[in-house]
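Q: Below are the sequence and a predicted model for it; my questions follow.
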Number of protein chains: 2
Amino acid sequence: MPESESQSNHGFRVESELSNGRGRTGTLVTPHGEIQTPAFIPVGTKATIKSVLPESIRDLGSQAILANAYHLYLQPGPEIIDHSGGLASFMNWHGPTFTDSGGFQVLSLGVGFKKVLSMDSAHTVESDVIAPGKDRLAHVDDDGVTFKSHLDGTMHRFTAEKSMQVQHQIGADIIFAFDECTTLMNTRDYQLLAMKRTREWAQRCIDEHERLTRERAFKPYQMLFGVIQGAHFEDLRRQAAREISELPFDGFGIGGALDKETLGTIVGWVVEELPREKPRHLLGIGEPLDLFIGAENGADTFDCVAPTRNARNAALLTSEGRFNVSNATSRGNLDPVDPDCSCYTCTHYSQAYLHHSYKAKELIFPTLATIHNLHFTIDLVRRIRESMQTGDFYAFKDEWLGRFTKGTYAK
Amino acid sequence: MPESESQSNHGFRVESELSNGRGRTGTLVTPHGEIQTPAFIPVGTKATIKSVLPESIRDLGSQAILANAYHLYLQPGPEIIDHSGGLASFMNWHGPTFTDSGGFQVLSLGVGFKKVLSMDSAHTVESDVIAPGKDRLAHVDDDGVTFKSHLDGTMHRFTAEKSMQVQHQIGADIIFAFDECTTLMNTRDYQLLAMKRTREWAQRCIDEHERLTRERAFKPYQMLFGVIQGAHFEDLRRQAAREISELPFDGFGIGGALDKETLGTIVGWVVEELPREKPRHLLGIGEPLDLFIGAENGADTFDCVAPTRNARNAALLTSEGRFNVSNATSRGNLDPVDPDCSCYTCTHYSQAYLHHSYKAKELIFPTLATIHNLHFTIDLVRRIRESMQTGDFYAFKDEWLGRFTKGTYAK
C-alpha cells in the first residue's frame, strides 16, 4: 500500500482526557475499521471466539478481536491464513483484528509457565521455574526462543524476524513485537537481561516489519506495537518505556509481570514515559477492577481470556458481583442472570435454562455464557469511555465498583 | 382454552396431492405457528439444537423443533419447563414444538436397545435383546415401562398417563401417545403383543390427554398424535393403522422398526389406512433418500438426529454426496463445502476454516457444521414440497438423487 494511502487508513487520535492527565478516550483507526477507546478486545485464540459466531460477537458490542500468533502458527499454519486473505477474512470477522507476538505463549504453554521454563541463565531463580524431572518446553537465548509444540511435541524456533513473518502472514491490523516475557519470580538481574533482549528484538522486529511491509505492499497496512516489560521495578519499566518509545512503533503493549496490587502504579509509570499520541494496549487484563484501573491510568485497549474462560465454567459477571449459575439456587429460577443486563442471554433466557444447559453439558451453554460475560465486559468498558467523555469517570467508578464489590453476589 | 378458540389455532389442511394418491403438501397449524408440509423437524433432545442458537435455527429454515420427553423428564424435570411457560418459552424458540412420548427412549437408552431390554415375555427372542451379565435397564409390562435413568441409575416408571402428564407439563404443540417400540428382531407374536399394548395405551393416552386439556384449559391446545407400530408385517401395520385411526387423535406417528429397504412399502400400507385429513409424522427418519420415499408415500413431517449428529462428526451433506471435512483434502482449501449451498456456513466459511476448527476441537465447528447439515436437510424437504406443488416431484427426485448418489463425493 502506498504510504499516502496507508496514512489514511490507520492511526490514533486522542479525543478527551481525564483530569489525572493519563486516562483518555480516543479512536484507533485500522484498515478494517475503527475502535472507540478505551475498548475491551475479546480473545479468539485460534481464530474463533470459542462457541460464539462472529455476527454475535459484533452484536454484543465487540469492536475487534485478538488472536494468538503462536497457536495459529502451529494450527492451521500461517500460510493457510495468508492464502485465505488474512485473519479477518479466514474467520469471517468483519472488523479490526490483533495478534499477539507469540512471545508469551512460546514461553508459557505446555506444562505451565512457572514449571518448565528454562531462561538459560544462572540469573534465573531456577527452582521456581523448572519442575524437577520434567522436560523443558522452551529455551531462550539472545537470538530467540526454541520451544516444543504443545500439540505434537515437535520443536520450533521463534525469533524477532520469524514472529514478524508469521504475523504478516496472519495479517491482523495490529501486531506486537516479539518480546521475552518474564515473571515476578525472576531476579532483577534476569529482568535486566530480558529487557535488553526485548530492546534488541524490538529493533529487529521493526526492521523485518518494514521489509515485509514493502514486500507485501498489496496488503492492508499492519500497525506494529512495541512491548514494554520491566516487571515491578519502576526504573526498569520507565527505562523500557523510554527505549521502546524511541523506536518508530505505531503503538505500545504493556506486558509481562503485573500483579493486581501494583497494576495502576506500573501502568502509570509506563504511560508517563510514552508519547501521548500513540495507542497503548494492556496485555492480558480483563477483570472489572483492573479495567477501571487500566483505563484510569492511560491504557486504551485491553484483552483477556478471563471473561470467555470463566463463562465456560459457569462463572458469570453481574452488576452485583460474580455469580455461578451452576449453583442450586439457579435451578428452576425464572429470573435472568442479571436483571440490569441488556445482553442477548439475559433478555432471552432464564437462570433455569442456563442451569439446565450447563448441567446437561449442552453446547449452547458456553455460547450463552460467553455472550453474557463478553457483553458485560465490553459494555463496562464502553461505559467507562462514556463516563470519561462526560467527565463522570470517578463518580461512575465509585458507584459501579461499590455495587460490584458489595452486591448480592460479592464475596 | 375454549373449544371454539382451540379449533381455530390448530389443525391440518391438505393443499395438493401427488399423482400416486399418497404424497401431498399441506399446512399444519399449531398455537405457536404454521408448518408448511412436507417438513423436516430438527431434533433438540434436551431443549436445544446442540450448538446452535434458536435464531440461527429459524434463519436456516426450520419451521419447528422436536424435543424428547424422556430426557426432559429426567433433566431439568417437566415441572421446571411448565413453570417456564412451556418448552418454546423455556428454550427461546418462537415457533411450533413437538415432543416424542418417551416410549422409544425409555426402551432404548442406557446400554443399547438390542442389548439390555427385557420385554417380559418368552415371545421375545431373548438372546437377541438381552446381553448376558448386563443389568436390564427397562422392563415392559401391560401397564407401562419401568426403567433406569441413564444419568444417575435411579429407577422410574412411565405409563400412558404419566407420559401425557409429562408432555402436558413440557407443553409442546404436538405430542405423541406412549407406545411400546419394538425392533425387527422381535418375533411376530411379540409384535402382536406390543401392538395390543400400544392400542390399549393409546386409549388411556386419549383419556388422560382429554382430562389434562380440560384441567389446563388456560394453556395452548396440544395436538396428540397416535403412534402406529407393526414392524415389517403388512397385516399388522394395516391393522394398527386402522385401530389407531379409529381413535380421536389429531394426527399420527409412524414409528418403530423400519428398515431402509421397506420404508416406502411400510409407509404406503399405513397411509392407505389413515384418514386423508389428518397429518402423519414419520419418526426418526432424515436421510435424503428416506425423505424422498417418506414424502412420496404420504408422510407430512419427519424428525431425525442424523443431520445434527453427523455434523458434529464432520460428516457433511452436499449435492454431490456425503463429504467429510476432516479429510486432508479440505486442509487449506478455500472452497465452501458445497458451492451450490446457500447456508450461512457455505456462504461465509471455507473448507479450510472448517477443517481447522474441527482439528482444533473448537466449539464453533459443531455450530457451523450443524447449520450446514440442517439447512441442507430442511431445504431438501422444502424443495420436495415445491416440486410437489408444481407437479415436478418425480423429475426432481430423479435428478437430485442421481447427482447425490453419483456425484463427486458419492461412495
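A: That came through, no problem. Numbers count the residues shown, from 1 in each chain, chains lettered A, B, ... in the order given.
Q: can you pull the contacts of whatever residue of the stretch 151-300 of chain A ends up closest to chain B?
A: Among all residues of the stretch 151-300 of chain A, A:Leu151 sits closest to chain B, at 9.0 Å; criterion: CB to the nearest CB. Yep, even glycine has a C-beta here, placed from its N, CA and C like the rest. Neighbouring residues of A:Leu151 by CB atoms under 8 Å, 6 or more residues apart in numbering or on different chains: A:74-75.
Q: Now the phi/psi pair for it, please.
A: phi -90, psi -50 (degrees, to the nearest 10).
Q: Which pLDDT value belongs to it?
A: pLDDT recorded at A:Leu151 is 90.
Q: tell me the pLDDT at the residue nearest to A:Thr301 when sequence neighbours are not counted?
A: Spatial nearest neighbour of A:Thr301, chain neighbours left out: A:His281 (4.6 Å); criterion: CB to CB, 6 or more residues apart in numbering or on different chains. As predicted, A:His281 sits at a pLDDT of 98.
Q: related to what we said a few turns ago, could you check the distance from the residue of the stretch 151-300 of chain A closest to chain B over to B:Lys361?
A: In this view, A:Leu151 and B:Lys361 are 11 Å apart by CB to CB, to the nearest Å.
Q: so what pLDDT did A:Gly11 get?
A: pLDDT, A:Gly11: 97.
Q: The residue nearest to A:Thr301: what secondary structure?
A: strand (DSSP: H, G, I helix; E, B strand; the rest coil).
Q: Number of residues surrounding it?
A: When neighbours are defined as other CB atoms under 10 Å in any protein chain shown, A:His281 has 27 of them.
Q: list the contacts for it?
A: A:41, A:98, A:174, A:176, A:225, A:251-254, A:299-303.
Q: can you pull up the bridge partners for it?
A: A:Gly253, A:Thr301 (DSSP bridges).
Q: Which one of the contacts of A:His281 is nearest to B:Ala88?
A: A:Ile41 (36.3 Å; CB to CB).
Q: on that earlier part again, same list (the contacts of A:His281) but as a markdown table, adding pLDDT.
A: Formatted as a markdown table, the contacts of A:His281 follow (pLDDT from 0 to 100):
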| residue | pLDDT |
| --- | --- |
| A:Ile41 | 98 |
| A:Phe98 | 98 |
| A:Ile174 | 98 |
| A:Phe176 | 98 |
| A:Phe225 | 98 |
| A:Gly251 | 98 |
| A:Phe252 | 98 |
| A:Gly253 | 97 |
| A:Ile254 | 96 |
| A:Ala299 | 98 |
| A:Asp300 | 98 |
| A:Thr301 | 98 |
| A:Phe302 | 98 |
| A:Asp303 | 97 |
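Q: residues near A:Arg331, how many?
A: A:Arg331: 16 surrounding residues under other CB under 10 Å.
Q: ok, now how distant is it from A:Tyr358?
A: In terms of CB to CB, A:Arg331 sits 10 Å off from A:Tyr358.
Q: Is the residue nearest to the spatial centre of chain A part of a helix or strand, or is it coil?
A: Central residue of chain A (CA atoms, centre = their mean): A:Asp303, 2.8 Å from the mean position. Three-state call for A:Asp303 (three-state DSSP): strand.
Q: Now for A:Ile175: which residues touch it?
A: A:69, A:98-99, A:101, A:164, A:167-168, A:209, A:222-225.
Q: Neighbour count for the residues you listed - can I get that in a markdown table?
A: Shown next, in a markdown table, are the contacts of A:Ile175 (neighbours: other CB atoms under 10 Å in any protein chain shown):
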| residue | neighbour count |
| --- | --- |
| A:Ala69 | 30 |
| A:Phe98 | 29 |
| A:Thr99 | 30 |
| A:Ser101 | 30 |
| A:Met164 | 27 |
| A:Gln167 | 31 |
| A:His168 | 24 |
| A:His209 | 25 |
| A:Gln222 | 26 |
| A:Met223 | 25 |
| A:Leu224 | 26 |
| A:Phe225 | 27 |
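Q: Out of those, which one has the weakest pLDDT?
A: Ranking those by pLDDT puts A:Ser101 at the bottom, with 90.
Q: okay but it is in contact with A:Gln167, surely?
A: Yes. Using CB atoms under 8 Å, A:Ser101 is in contact with A:Gln167, at 6.9 Å.
Q: How about the residues of chain A by chain B?
A: Selection of chain A residues close to chain B by CB under 8 Å from any CB of the partner chain yields A:46-48, A:50-53, A:56, A:75-77, A:79-80, A:83-84, A:90-92, A:331-332, A:334, A:348-350, A:352-353, A:355-357, A:359-360, A:362-364, A:366-367.
Q: Filter the residues you listed down to the buried ones, ChimeraX style.
A: The buried residues among the residues of chain A next to chain B can be selected in ChimeraX (16 or more other CB atoms under 10 Å in any protein chain shown) with this line:
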select /A:46,47,48,50,51,52,53,56,75,76,77,80,83,84,90,91,92,331,332,348,349,350,352,353,355,356,357,359,360,362,363,364,366,367
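Q: Report the strands that pair with the helix or strand A:Leu316 falls within, each with its relative direction.
A: Per DSSP states H and E, A:Leu316 falls inside strand A:315-318. Strand A:315-318 pairs in its sheet with strand A:321-324 (antiparallel), by DSSP bridges.
Q: buried stuff in the helix of greatest length in chain A?
A: Criterion DSSP state H: the longest helix present in chain A is helix A:188-215. By 16+ other CB under 10 Å, the buried positions in helix A:188-215 come out as A:190-195, A:197-199, A:201-202, A:204-206, A:208-209, A:212-213.
Q: what's the answer for stretch A:149-160, then?
A: Buried, per 16+ other CB under 10 Å, within stretch A:149-160: A:149-150, A:156, A:158-160.
Q: can you tell me the distance between the two ends of it?
A: 18 Å (CA to CA, to the nearest Å).
Q: same question, stretch A:327-335
A: 14 Å.
Q: who's sitting farthest from the centroid in chain A?
A: Furthest out from the centre of chain A (CA atoms, centre = their mean) sits A:Gly332, at 36.5 Å.
Q: isn't it right up against A:Ala352?
A: Yes. Counting by CB under 8 Å, A:Ala352 is a contact partner of A:Gly332 at 5.0 Å.
Q: quick one: A:Val20 from chain B, how far?
A: Not quite, residue A:20 is Asn, not Val. 41 Å (CB to the nearest CB, to the nearest Å).
Q: Now do the closest residue to that residue other than its chain neighbours, the pLDDT please.
A: Residue nearest to A:Asn20 in three dimensions, not counting chain neighbours: A:Glu296, with 6.8 Å by CB to CB, 6+ apart. At A:Glu296, the model reports a pLDDT of 98.
Q: Quick one: residues contacting A:Glu296.
A: Counted by CB under 8 Å, 6+ apart, A:Glu296 has contacts A:18, A:20, A:22-23, A:264, A:393, A:397.
Q: With secondary structure added, can I get the residues you listed in CSV?
A: Putting the contacts of A:Glu296 into CSV (three-state DSSP) gives the following:
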residue, secondary structure
A:Leu18, coil
A:Asn20, coil
A:Arg22, coil
A:Gly23, coil
A:Gly264, helix
A:Phe393, helix
A:Lys397, helix
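Q: ChimeraX command for the buried members of these?
A: In ChimeraX syntax, the buried subset of those is picked out as below (16+ other CB under 10 Å):
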select /A:18,22,23,264,393,397
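Q: if we can go back for a sec, need the overlap of contacts for A:Gly332 and A:Ala352.
A: With CB under 8 Å, 6+ apart, A:Gly332 and A:Ala352 have common neighbours B:76, B:80, B:83.
Q: confidence score at the last one?
A: Same thing as B:His83. On the pLDDT scale, B:His83 gets 97.
Q: ok, now the first one?
A: According to the predicted model, the pLDDT of B:Pro76 comes to 98.
Q: lowest-pLDDT helix or strand in chain A?
A: helix A:126-129 (a mean of 37; mean pLDDT, DSSP states H and E).
Q: Show me what whichever helix or strand comes after that one is packed against.
A: Once helix A:126-129 ends, the next helix or strand along the chain (criterion: DSSP H and E) is strand A:138-140. Secondary-structure packing of strand A:138-140 (3 or more CB pairs under 8 Å, 6 or more residues apart in numbering or on different chains; DSSP states H and E): helix A:103-108, strand A:117-118, strand A:144-148.
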